[in-house]
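1. model this:
(chains A and B)
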There are 2 protein chains.
Amino acid sequence: MPELDLSLDVVDLTAALVDIASESLHEAEIADAVEQALRALPHLRVERDGHSIVASTSLGRSERVVIAGHLDTVPENGNLPSRLEGDTLWGLGTCDMKGGVAIALKLAAQLTEPVRDITFVFYEAEEIAAVHNGLGRLAREHPEWLAGDFAILMEPSNAGVEAGCQGTMRVDIRTVGERSHSARWWMGSNAIHALAPVLDTLASYAPREVEIDGLVYREGLNAVGISGGVSGNVIPDEAVVTVNFRFAPDRSEDDAFTHLQEVFEGFGLTVTDSAPGALPGLDRPAAADFVEAVGGEVGPKYGWTDVAKFTVLGVPAVNYGPGDPSFAHKADEHVPVEHLRTVHERLTRWLTP
Amino acid sequence: MPELDLSLDVVDLTAALVDIASESLHEAEIADAVEQALRALPHLRVERDGHSIVASTSLGRSERVVIAGHLDTVPENGNLPSRLEGDTLWGLGTCDMKGGVAIALKLAAQLTEPVRDITFVFYEAEEIAAVHNGLGRLAREHPEWLAGDFAILMEPSNAGVEAGCQGTMRVDIRTVGERSHSARWWMGSNAIHALAPVLDTLASYAPREVEIDGLVYREGLNAVGISGGVSGNVIPDEAVVTVNFRFAPDRSEDDAFTHLQEVFEGFGLTVTDSAPGALPGLDRPAAADFVEAVGGEVGPKYGWTDVAKFTVLGVPAVNYGPGDPSFAHKADEHVPVEHLRTVHERLTRWLTP
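-> This next block holds a predicted model:
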């Protein structure tokens, strides 16, 4: 098992985390390393469920802040191991979100007497269907582990505060035809050809931009998968395209599905995965305090993040982490060294007497 | 190993062959049964290569006729085992082409002293990419086994003679995009959406109908497979649709490819499989003799069949077999009992003194 040395500089610690590959559903190794490092810290109480780990102080402070990050990444894309070049650390997960995890681990090791009690949450399976999500499981099975007055999710946000998040829904759009020999195609009906209007709709769809609490959200409607075909001689009788709808937090999940039914009228839609958005909630005192302390402008969160899970639990939450989320899931994923240092420093200052 | 009793009625023998499942690349069991049955016949010399079997008489006749059929089927489609209902035998392969194989096996057993020498060919892997085709391998490695003055391929032809065959070509049409997180789709480029014009072209393509030697061929252009997608959160950077072009025998393979390049201008095409058509060749004496002997009207062959392989070897060839080819590869595949009896009877008469 690789060991994590929490006395490393935050950049080196990020690199060390990146170099422990942890594609979703393969988080055992990184979770073991994180757990071992945290158990060596006497000021923390450590719990584990599956490959998700929760470590907390118990100083009797009047406020408790939850600092959370996921341990998994999307599949590798020719971008491992990590590589430091000048002011930039490159590699899978540098941005989404091992930089944030490294900062949280540094805070866990350094802040033995923080001004607020802190609960650190490191969880599995954020990058795949919601049913696997480690934070979702903790919220269902150990909601007391996540109790707090305010939560910071360390998803990449360009080292600025991002509020709210968009919802996400995946639907399968299935067409049905009739098989026949492809030499006598007129005896059958081609289910792949029947997808043509669906792809046309996707290619020409004009997504909404919506302003909420002064923040502009940007929706998106994209095919993320397509399949069909029986064999090279057969007119296919079934084809399916999987569509991912990212929707602004002024739509509920029901609203989002109704919209998809309108957009793809005449086609059969099946929801395979769905998670609600979260309204920015910048009017809540805990959020306003934090924003004032760390400074900077507040922006909207385009992506879906687990702030929505905290919102459901009644815990105000924001995204605040190193890295430009535009590079998440891309071959050229990277994080600026400056982001790592700035976020680490500001959180340290906010939590130190 | 199942045993084949060649003294069975041709309908029962067809049913017995259907009930030995033999999807392409899984022909070992049926080939073993066919080989064993043929080796029991002292008037035949039997050869085997892979799961393809050749059995021939050596009576020193002035003419030799080749009678050929493939042993494989497309994948099952809820249509096994066989089922006899009144005048119809239902099930996978009844039409394409175990009915023809059953007739050939009956002829092999019954015609101990035919008026023409006969070479029976039972081969594997006709229903998949040409590279696997057993008849193709025999033509390359044992061309002497296929020598003859005339060939009858017992593909389904409604118990009438069908001349020539259409060519077939498969191409992959691939689109390339750029990955990004689907929540920030504007940072990437969606390869599945880029397939929209390809599906539009396929859905609206008007295939040619061409008259050659008085026979009307009907072309077809169909998607037979489609795939793309990285994961549910990622804008896909690659998608591919596999297209099958069935072309009339007045086009060469080169002509066919040029046509596809024009139809899908601006897209990258890769040929994955190709087989030429065969012109009807009704002006050849051997073909004319046979047509006169078995009677009936001659029609065009829409599907690609291995008559093209015999054409390449310089052996005039026609399709003549039981079953309506419109039902090949369909869930409701079937063969009329009357076709089995008629074709069996006419070939027996043509080959008996």
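
2. tell me the average confidence for stretch A:128-141?
-> Stretch A:128-141 comes out with an average pLDDT of 92.

3. And it, what's buried?
-> When neighbours are counted by 16 or more other Cβ atoms under 10 Å in any protein chain shown, the buried residues of stretch A:128-141 are found to be A:I128, A:A129, A:A130, A:H132, A:N133, A:G134, A:L135, A:G136, A:R137, A:L138, A:A139. Every C-beta, even on glycine, is put in place using the N, C-alpha and C of the backbone.

4. Looking at those residues, which one is closest to A:P249?
-> Closest approach to A:P249 among those (Cβ to Cβ): A:A130, at 16.3 Å.

5. Make sure the closest one is actually in contact with A:R137.
-> No - at 10.6 Å, A:A130 and A:R137 do not qualify as touching, with contact defined as Cβ atoms under 8 Å.

6. Roughly how far does the residue nearest the centre of chain A sit from A:A256?
-> For chain A, the residue nearest the mean C-alpha position is A:T305 (4.4 Å; Cα atoms, centre = their mean). In this structure, A:T305 and A:A256 are separated by 17 Å, where distance is defined by Cβ to Cβ, to the nearest Å.

7. got it, and A:D9?
-> Relative to A:A256, and taking Cβ to Cβ, A:D9 is found at 43 Å.

8. A:S24 now?
-> 23 Å.

9. repeat for A:V216
-> According to Cβ to Cβ, A:V216 and A:A256 sit 18 Å apart.

10. cool, and A:A55?
-> When distances are taken as Cβ to Cβ, A:A55 and A:A256 turn out to be 35 Å apart.

11. and the least confident helix or strand in chain A by mean pLDDT, which residues are buried?
-> Of all the helices and strands that make up chain A, helix A:285-294 has the lowest average by mean pLDDT, DSSP states H and E, namely a mean of 82. In terms of neighbour count (16+ other Cβ under 10 Å), helix A:285-294 has its buried residues at A:A286, A:A287, A:F290, A:V291, A:V294.

12. Which strands or helices does it pack on?
-> For helix A:285-294, the elements it packs on are strand A:150-153, strand A:161-163, strand A:317-320, helix A:337-351, judged by 3 or more Cβ pairs under 8 Å, 6 or more residues apart in numbering or on different chains; DSSP states H and E.

13. For the stretch 51-200 of chain A, what lies in contact range of chain B?
-> Within the stretch 51-200 of chain A, the positions lying close to chain B (Cβ under 8 Å from any Cβ of the partner chain) are A:74-75, A:77, A:96, A:127-129, A:166, A:168, A:170, A:178-188, A:190, A:192-196, A:199-200.

14. and A:R170, that one's in a strand?
-> Yes - according to DSSP: H, G, I helix; E, B strand; the rest coil, the state of A:R170 is that of a strand.

15. so who does it touch?
-> With contacts taken as Cβ atoms under 8 Å, 6 or more residues apart in numbering or on different chains, A:R170 has the following neighbours: A:A129, A:V224, A:T242, A:V243, A:N244, A:F245, A:V271, A:T272, A:D273, A:S274, B:G232.

16. what's the answer for A:T201, then?
-> Contacts of A:T201 were listed using Cβ under 8 Å, 6+ apart, and they are A:V263, A:F264.

17. three-state assignment of it?
-> On the three-state scheme (three-state DSSP), A:T201 is labelled helix.

18. Show residues contacting the least confident helix or strand of chain A.
-> Surrounding helix A:285-294, the residues in contact under the criterion Cβ under 8 Å, 6+ apart are A:63, A:149-150, A:152, A:161, A:163, A:281-282, A:298, A:316, A:318, A:320, A:346-347, A:349-350.

19. how does it look with 7 Å?
-> Counting by Cβ atoms under 7 Å, 6 or more residues apart in numbering or on different chains, the neighbours of helix A:285-294 from elsewhere in the structure are A:D149, A:F150, A:V161, A:G281, A:L282, A:V298, A:P316, A:V318, A:Y320, A:R346, A:W350.

20. That one: what's the following helix or strand?
-> Heading C-terminal from helix A:285-294, the first helix or strand you meet, by DSSP states H and E, is strand A:298-300.

21. what about that following strand, distance to the chain center?
-> On the basis of Cα atoms, centre = their mean, to the nearest Å, strand A:298-300 is displaced by 16 Å from the centre of the chain it belongs to.

22. Any part of whichever helix or strand comes after it near chain B?
-> Later in the chain than strand A:298-300, the nearest helix or strand by DSSP H and E is helix A:307-313. No - Helix A:307-313 is not in contact with chain B by Cβ under 7 Å from any Cβ of the partner chain; minimum separation 12.6 Å.

23. Show me how chain A divides into domains.
-> By the assignment in automatic domain parsing, chain A contains the domains A:10-165+A:278-351, A:167-275.

24. how about a markdown table for the ones you listed, with distance to B:R83 added?
-> Formatted as a markdown table, the entries for the domains of chain A read as follows, by distance: least, Cβ to Cβ, whole Å:
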| stretch | distance to B:R83 |
| --- | --- |
| domain A:10-165+A:278-351 | 42 |
| domain A:167-275 | 19 |
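
25. Of all the ones you listed, which one comes closest to B:I67?
-> Evaluated over the domains of chain A, closeness to B:I67 peaks at domain A:167-275, with 21.9 Å, by Cβ to Cβ.

26. Can you check the pLDDT for A:G299?
-> For A:G299, the model assigns a pLDDT of 87.

27. Now the stretch 51-200 of chain A against chain B: closest residue?
-> Among the residues of the stretch 51-200 of chain A, A:A183 lies nearest to chain B; the distance is 3.2 Å by Cβ to the nearest Cβ.

28. can you map out the strands along the stretch 51-200 of chain A?
-> A:52-56, A:64-70, A:83-85, A:88-90, A:117-123, A:150-153, A:161-163, A:167-176, A:180-181 (DSSP state E, counting those that start in this stretch).

29. which residues sit in contact with the residue in the stretch 251-353 of chain A that chain B sits nearest to?
-> Shortest the stretch 251-353 of chain A-to-chain B distance, computed as Cβ to the nearest Cβ: residue-wise this is A:G303, at 3.3 Å. With contacts defined as Cβ under 7 Å, 6+ apart, the neighbours of A:G303 are A:C165, A:Q166, A:P325, B:H181, B:A183, B:R184.

30. one more time with 6 Å
-> Residues touching A:G303, when contacts are defined by Cβ atoms under 6 Å, 6 or more residues apart in numbering or on different chains, comprise A:P325, B:A183.

31. cool, and A:A102?
-> For A:A102, the contacting residues are A:V10, A:L13, A:T14, A:L17, taking Cβ under 6 Å, 6+ apart as the criterion.

32. ok, back up a step: let me see the contact set for the residue nearest to the centre of chain A.
-> When contacts are taken as Cβ under 6 Å, 6+ apart, A:T305 is in contact with A:L153, A:E155, A:C165, A:N319.

33. if I look at the second one, how far off is A:N319?
-> For A:E155, the distance to A:N319 under the criterion Cβ to Cβ works out to 5 Å.
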